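Q: have a look; sequence and predicted model below, questions after that.
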Amino acid sequence: MSWQPAPESLRQLAACLKDSLSGFDKNAQKQAELMLKQAKGSPDINNYLAYILSSPEPPEGAAFSQSEYHLVRSAAGIMLKNNLKSDWKTIPESSLQLIKLAIPIALQDKNIQIRNFAGNVATEIVQKGGLLSWPDLLPQLIETFGNVSGQVSNEAQEGAMSAMSKICEDNTRMLTREVNGQRPLNYILPQLIAATKSPLPKVRIGALTAINVFTPRESQAMNNSIDDLLQHLFTLANDESPDVRRQVCRSFVSLADRRPEKLIPHMAGLVDYTIRQQRSDDEELSCEAAEFWLTVGEHDDLWQHLRPYIEQIIPLLLEYMVYSGEDIALLGGQSDDEDEEDRDWPQREAAVLALGAVAEGCESAILPHLPMLVPYLISLLTDPEPVIRTITCWTLGRYSGWAANLPDAEREQFFLPLMDGMLQKMLDRNKKVQEAGASAFANVEERAGKALIPFTEPIVKQFVICFQRYKDRNMYILYDCVQTLAEQVGPTLATPHIAKQLLDALLARYNMMNDESREMFPLLECLSYVALAMDTAFAPYAGPIFQRCINIIHNNLEQSLASVTNTSIDAPDKDFLITALDLLSAIIQALSPEQASQLVSNSPQPVFELLSFCMEDPTDEVRQSAYALLGDCARFLFPLLEPHLPKLLPFLVKQLDMDEVLDEAIETGFGVVNNACWSAGEIAVRYGDGMKPFVQDLMTKFVEMMGNPRVPRGLVENAATALGRLGQNNAHIMAHGLGNYAALYLGAMEDVVTMDEKASAMKGFTAIVRENPLAMEPVLLEYFSTIANYNMDLQNPLKQQLQAAFQDIINIYKANIPQFDRFIGQLNSASQEKLRASYTL
């Protein structure tokens, strides 16, 4: 290196790095951290860090032991990586060049940790600057781990492969894209495959690890190399290293998922190999091998090729489902009967587990045997072994749908004892059995559905006792049971004496916890479901709950603002904000508009001002809940919301900008936009002329969404629905651009489920068409097909309004198309018949 460090500065920096990791002298550690923070401002700091990282000997005059200097170098590597990550754009080119000279040296170090830190730095440079910022790196790494010269040390080969593996893992997309007309992976992948023949196990493992980054992804490089890769994998199948064989198993799993046709000719050998690896004493290897059966079983084109080997596979799986002696020791011998030794319970437990596992995939085969099996399983709920009771709860839960849907007499014979047994297990003397019983009962509720309605009261009584006894984790599962029951039995929960029992228990928990308790999340979510199920019967309980939600939101927003201006204040947990917003939505939906309006009007905190802050929150999930609440306020509290819309609607329009969401490709981002679209539609049908200042921007956003192939189908449909609803009161503004979006709109609405929102949207779109009927000419036949096939299963007066709107538009075209009957004759016969049956032609 041409640059050389100042000896004294080098010693001081090394001492600070050492002290910064000292857990024994807190004062020295604090002072060192302060000095390192100041040193970060020096233009040469990264030169010094790279020098220390790549220098195996401590600075002259520095009294470090070997282990101490190793810590110094490790700290230098960490700090260098972090500096590259945070200050990339300001680091001088001369420093970057020096770092690029130092890293290859550090990758050859005798110490594996130093090599790993050097690999992290190399990866960070590629991530920040791209491959062209260090064009020599990949060829240099390939030459090193391939030992092209025959003179490369083992450490250097391993360090180079470790760095390459990290680069592949952290820069997958970059390596598959074109750079200067070529895709780097086309060059790298064959070299990695060749490296699987290295005599060094760590190089073979690193090569396979890197390859496995790309096997699940479609790429030209993988298509070109797949046959060569398979041959190398088969060669490695008997590798002496279990870590290599684990990566081989991983490769076969990925290929089974992405390229099953390549594995089918080799299925006999793969089955034999996977069985041998699953019988390995190495537990991680055994589990990786078992993953192969799962992947093949989920693949329609592949699983049938396992049929000839089922008699080998099933006994193996059953054998490995039995608890080992070590597992039993970890369970701690939980039997309730200390005097009775039951040596067969692990086999019994595995058999019950297997029955539960095949409940869905083998339902038709198991079905004839359930009248015999279910009573036996119910008897196992009283087994002296808690582990048996636990797994039996799970298995019975998976068969509860069968019992719940039997004819009345048989349901009484099978479902009632099953349900009663599960409820009893929710109060088992063993906490793990309680947990299994509660989880399984939530499963029973989902599968039984409305069949639970006659038993709502005894179920609630058992839940109330559970509320008195449960603690911690089991309480969270109990909330899930309550909200699932609310979903299934709905208004039955509003029965006065049932409602009182349940709400007394829930509110007892609610009143005893503070606003910062983690238990508040599932409790508020549970109350949301209960409120929606009880409808207006929830009103007597709503006031204090509503106000507490408002306080939680207000305090959370205040703390969030304070944490921005004062770094000593921790940022609040946004989950409190989300669950409180969701519960406000539920209360507003459940109560009558008069009752909900009273709660909003009487709130000491300005509800819509708080909502405006939530609509601009940086967290996607907060904004998603905020826009859901905005839409509910539009539906049920519009007179209170209306004065605030001039302030709120600009936030909504801004939220519909898809650029940021698409760049990040974040699913939650699409969820926010989805709710914003829906709330825009709800506001549009009520706000009338008030929407005028926003119509053009909204229409542009909706059309962009409908035309963008990267936008999920559900969001496209929501955007189209909102656009149509916007047209109800603003058709004259929207008609000018109709020709640009008519085809997109009809395509988007084709699969939207018929409901009031779709009818409202079609009514608005038809109003737009009426303002500019000529614009529909390219898609007029499709539009008439939509009218003919529209499902009019609607309630009056919306049905009458939509039918009248369709008839009106038909009349307009009838008057302007000279040979209208011939035009209608271009529709298929079924559409013609429906059109003539419903409308006057």
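A: Here it is on my side, so go on.
Q: tell me how far the top helix by length along the chain lies from the chain's centre.
A: Counting residues, the longest helix found in the chain (DSSP state H) is helix 539-565. Shown here is helix 539-565, whose average C-alpha point lies 27 Å from the average C-alpha point of the whole chain (C-alpha atoms, centre = their mean, to the nearest Å).
Q: all helices for the stretch 401-550 of the chain, in order.
A: Remark: helices assigned in the stretch 401-550 of the chain by DSSP state H, counting those that start in this stretch are 408-425, 431-448, 456-469, 472-489, 496-512, 520-534, 539-565.
Q: nearest to residue 40 among those would be which one?
A: When the helices of the stretch 401-550 of the chain are compared for distance to residue 40 using C-beta to C-beta, the nearest one is helix 539-565, at 23.0 Å. For glycine as for every other residue, the C-beta is placed from the backbone atoms N, C-alpha and C.
Q: one step back: out of the helices of the stretch 401-550 of the chain, which comes closest to residue 47?
A: For the helices of the stretch 401-550 of the chain, proximity to residue 47 was assessed by C-beta to C-beta; helix 539-565 is nearest, at 34.9 Å.
Q: buried ones in that closest one?
A: Applying a neighbour-count criterion of 16 or more other C-beta atoms under 10 Å, one finds 539, 541-542, 545-546, 548-550, 552-557, 559-560 buried in helix 539-565.
Q: same check, this time on stretch 260-270
A: In stretch 260-270, counting by 16+ other C-beta under 10 Å, buried: 260, 263, 267, 270.
Q: tell me the mean pLDDT over it?
A: For stretch 260-270, the per-residue pLDDT values average out at 92.
Q: stretch 637-648 now?
A: Mean pLDDT, taken over the full extent of stretch 637-648, equals 98.
Q: which residues touch residue 790?
A: Residues counted as contacts of residue 790 (C-beta atoms under 8 Å, 6 or more residues apart in numbering) are 754, 762, 802, 806.
Q: would you agree the last one is in contact with residue 786?
A: Translated: residue 806. No: counting by C-beta atoms under 8 Å, residue 806 does not reach residue 786; the two are 9.4 Å apart.
Q: quick one: neighbours of residue 520, just the number.
A: 21 (other C-beta atoms under 10 Å).
Q: how far away is it from residue 576?
A: As judged by C-beta to C-beta, to the nearest Å, residue 520 and residue 576 stand 7 Å apart.
Q: spit out the residues that contact these two alike.
A: Shared contacts of residue 520 and residue 576, defined by C-beta under 8 Å, 6+ apart, are found at residue 552.
Q: now the longest helix of the chain against helix 520-534, angle please.
A: Angle, helix 539-565 to helix 520-534, by axes from the mean of the first three to the mean of the last three C-alpha atoms, to 10 degrees: 150 degrees.
Q: next secondary structure after helix 539-565?
A: Next along the chain after helix 539-565, taking DSSP states H and E as the criterion, comes helix 574-590.
Q: quick one: buried residues of that next one?
A: Buried positions in helix 574-590, judged by neighbour count with 16+ other C-beta under 10 Å: 574-588, 590.
Q: check stretch 617-630 too.
A: Residues of stretch 617-630 classed as buried: 617, 619-630 (neighbour count, 16+ other C-beta under 10 Å).
Q: show me what contacts residue 614?
A: Listed by C-beta under 8 Å, 6+ apart, the contact set of residue 614 reads 553, 557, 577, 581, 622-623, 625-626, 629.
Q: and for residue 226, the neighbour number?
A: Other residues lying near residue 226 total 15 when counted by other C-beta under 10 Å.
Q: hang on, I meant residue 739
A: For residue 739, which is what you asked about, the neighbour count (other C-beta under 10 Å) is 15.
Q: can you tell me how far the closest residue to it other than its chain neighbours sits from residue 784?
A: Of all residues not flanking residue 739 in the chain, residue 775 sits nearest, at 4.0 Å (C-beta to C-beta, 6 or more residues apart in numbering). Computed as C-beta to C-beta, the residue 775 to residue 784 distance reads 15 Å.
Q: now residue 164
A: If you measure residue 164 against residue 784 using C-beta to C-beta, the figure is 61 Å.
Q: higher neighbour count, those two?
A: Neighbour tally, residue 164 and residue 784, criterion other C-beta under 10 Å: the higher count belongs to residue 164, 28 against 22.
Q: what about the more buried one, which helix or strand?
A: Applying DSSP H and E as the criterion places residue 164 in helix 154-170.
Q: give the buried residues for that helix.
A: If you call a residue buried by 16+ other C-beta under 10 Å, then helix 154-170 has these buried ones: 155-168.
Q: closest one of those residues to residue 174?
A: The nearest member of the buried residues of helix 154-170 to residue 174, counting by C-beta to C-beta, is residue 167 at 8.9 Å.
Q: tell me the first helix or strand C-terminal of the helix holding residue 164.
A: Moving toward the C-terminus from helix 154-170, the next element (DSSP H and E) is helix 172-176.
Q: hey, C-alpha coordinates of the helix or strand that that next one is followed by in PDB?
A: Reading on from helix 172-176 to the C-terminus, the next helix or strand found by DSSP H and E is helix 184-195. Output of helix 184-195 as PDB, limited to C-alpha atoms (Å, rounded to 0.1, in the frame of the first residue of the first chain):
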ATOM      1  CA  PRO A 184     -22.600 -11.900 -14.200                       C
ATOM      2  CA  LEU A 185     -24.300 -15.100 -13.100                       C
ATOM      3  CA  ASN A 186     -23.700 -16.700 -16.600                       C
ATOM      4  CA  TYR A 187     -20.000 -16.400 -15.700                       C
ATOM      5  CA  ILE A 188     -20.200 -17.100 -12.000                       C
ATOM      6  CA  LEU A 189     -22.500 -20.200 -11.800                       C
ATOM      7  CA  PRO A 190     -20.300 -22.600 -13.900                       C
ATOM      8  CA  GLN A 191     -17.300 -21.600 -11.700                       C
ATOM      9  CA  LEU A 192     -19.300 -22.300  -8.500                       C
ATOM     10  CA  ILE A 193     -20.400 -25.700  -9.900                       C
ATOM     11  CA  ALA A 194     -16.800 -26.600 -10.700                       C
ATOM     12  CA  ALA A 195     -15.800 -25.500  -7.100                       C
END
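Q: please renumber so the chain begins at 31
A: Yes, from this point I'll number from 31; that puts the last item at helix 214-225.
Q: what helices and strands are in contact with helix 214-225?
A: Here helix 214-225 touches helix 167-175, helix 184-200, helix 202-206, helix 231-244, helix 250-266, going by 3 or more C-beta pairs under 8 Å, 6 or more residues apart in numbering; DSSP states H and E.
Q: buried stuff in that helix?
A: Within helix 214-225, the residues that count as buried by 16+ other C-beta under 10 Å are 214-216, 218-223, 225.
Q: tell me what angle that helix forms with helix 231-244.
A: For helix 214-225 against helix 231-244, the angle between stretch directions is 140 degrees (the same axes, to 10 degrees).
Q: tilt between helix 214-225 and helix 167-175?
A: Angle between the axes of helix 214-225 and helix 167-175 is 10 degrees (criterion: the same axes, to 10 degrees).
Q: downstream of the helix or strand containing residue 386, the next helix or strand is which one?
A: The secondary structure element spanning residue 386 is helix 375-387 (assigned by DSSP H and E). Going down the chain from helix 375-387, the next helix or strand is helix 393-396, by DSSP H and E.
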